[in-house]
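Trainee: model this:
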Amino acid sequence: MHDLLSAAWQPLLTTRAVGRGDNCVEHTLTSTNTVLKELARNGARHGSVCLCECQTGGRGRLGRAWSSPEGRGIWCSVLLRPEMPAERAPLITFCAALAVTRAVRRLCGLEVRIKWPNDVVLDGRKLCGVLLEMGFDVHGGMFVIVGTGLNVRRGAYPPELSDRAIALEEVCAPPERGELIAAYLSELELALTEVEKSGLPGIAEAYRELSCTLGSEVQVIGTEERFTGVAEEIDQSGALLVRDADGELRRVLAGDVSVRGMMGYV
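Mentor: Prediction:
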């Protein structure tokens, strides 16, 4: 039996709520985010998780498709009903990136890092992506869906992306996916608690330490312009502050642009 379709990951949980809600675990789904969003609208509890072995319509940031072949990765969404104003909810994307990074470092001993805002990278290539979506249920309550796609085994991504993507199995003997899920959910709950309490400053130091973007020369690619500069800081809203070639400090919002290193994806 596949380790995701069994309940093997649930006894490993150390959380209070995350992973302990109205979980949905199926072999094949269109998109874990799409399915969990519908459950959330109908009242599914905080901490509910949606997992599958294969997605037929996986989605990434900026409308991109996300490859999700059977048994090759962790295709997972978590429903959160955070105790924070709606305008602060987008900060949860930083919680997710930090949680994946910490979990992989702890279980695999790999030097994974975060490419702003929420890509988890290894050896200059993308290991995991995060997709955050917000909505309101039938009673008007806000919810956030945190989708993650973590490449675990070879074949997790199309061959044409081999210069920009990587899977754990390419560099180590990966742990059971159930172990990774439990570790990620634990770290996500810890990070969320800090952001609920203090906003982004609650996790900012930890995020900065694991960032491969801050201090680097980057190219900012928008729909109408692109420019280069040095990424200096992340402000309290999560925006990236980039000093351009003219010395101007420019504020970059994650929803509008793609940020890449000058010499490649990172």
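
Trainee: State the pLDDT value of residue 86.
Mentor: Residue 86 carries a pLDDT value of 93.

Trainee: How much space separates the nearest residue to it once chain neighbours are set aside from residue 20?
Mentor: Once flanking residues are discounted, residue 86 sits nearest to residue 142: 5.3 Å by Cβ to Cβ, 6 or more residues apart in numbering. All C-beta spots, glycine's among them, are computed from the backbone N, C-alpha and C. Plainly put, residue 142 is 20 Å away from residue 20 if you go by Cβ to Cβ, to the nearest Å.

Trainee: and if you look at residue 160?
Mentor: Using Cβ to Cβ, residue 160 is found at 39 Å from residue 20.

Trainee: Look at residue 193 and say how many residues are nearby.
Mentor: Residues contacting residue 193 under the criterion other Cβ atoms under 10 Å number 16.

Trainee: Residue 228 now?
Mentor: A count of nearby residues for residue 228, using other Cβ under 10 Å, gives 12.

Trainee: Residue 160 and residue 20 - which one has more neighbours?
Mentor: residue 20 (17 against 8).

Trainee: Okay, the more buried one and residue 132: tell me how far apart.
Mentor: 21 Å.

Trainee: So for residue 10, what's the pLDDT?
Mentor: Looking at residue 10, the pLDDT reads 89.

Trainee: Please apply the same query to the one 5 residues further on.
Mentor: As predicted, residue 15 sits at a pLDDT of 97.

Trainee: Spatially nearest residue to it, not counting backbone neighbours?
Mentor: Nearest to residue 15 is residue 189, by Cβ to Cβ, 6+ apart, at 4.7 Å.

Trainee: which SS class is the one you found?
Mentor: Look at residue 189: counting by DSSP: H, G, I helix; E, B strand; the rest coil, its state is helix.

Trainee: Counting neighbours, what do you get for it?
Mentor: 22.

Trainee: quick one: it and residue 95, what's the gap?
Mentor: Look at residue 189 and residue 95: by Cβ to Cβ, they are 9 Å apart.

Trainee: how about the strand or helix carrying residue 98: buried residues?
Mentor: For residue 98, the host element (DSSP states H and E) is helix 92-108. Buried residues in helix 92-108, defined by neighbour count with 16 or more other Cβ atoms under 10 Å: 92-105, 107-108.

Trainee: name the helices or strands packed onto it?
Mentor: strand 113-115, strand 119-122, strand 125-136, strand 142-151, helix 177-198, helix 201-210 (3 or more Cβ pairs under 8 Å, 6 or more residues apart in numbering; DSSP states H and E).

Trainee: what residues does the shortest one touch?
Mentor: With Cβ atoms under 8 Å, 6 or more residues apart in numbering as the test, strand 113-115 has contacts from 97-98, 101, 120-122, 126, 207, 210-213, 259, 265-266.

Trainee: give me that answer again for 7 Å
Mentor: With contacts defined as Cβ atoms under 7 Å, 6 or more residues apart in numbering, strand 113-115 is touched by 97-98, 101, 120-121, 207, 210-213, 266.

Trainee: gap between the residue nearest the centre of the chain and residue 116?
Mentor: Centroid-nearest residue in the chain, with Cα atoms, centre = their mean: residue 130, separated by 2.8 Å. According to Cβ to Cβ, residue 130 and residue 116 sit 12 Å apart.

Trainee: Could you do residue 168 as well?
Mentor: Here residue 168 is placed at a distance of 22 Å from residue 116 (Cβ to Cβ).

Trainee: Residue 57 too?
Mentor: 27 Å.

Trainee: And for residue 34?
Mentor: 26 Å.

Trainee: quick one: which of the two has more around it?
Mentor: Per other Cβ under 10 Å, whichever of residue 34 and residue 116 has more neighbours is residue 116, with 23 against 18.

Trainee: Need phi/psi at that one.
Mentor: Phi and psi for residue 116, reported as degrees, to the nearest 10, are phi -50, psi 140.

Trainee: again with residue 156
Mentor: Torsion angles, degrees, to the nearest 10, at residue 156: phi -70, psi -20.

Trainee: now residue 25
Mentor: Main-chain torsions, residue 25, degrees, to the nearest 10: phi -130, psi 110.
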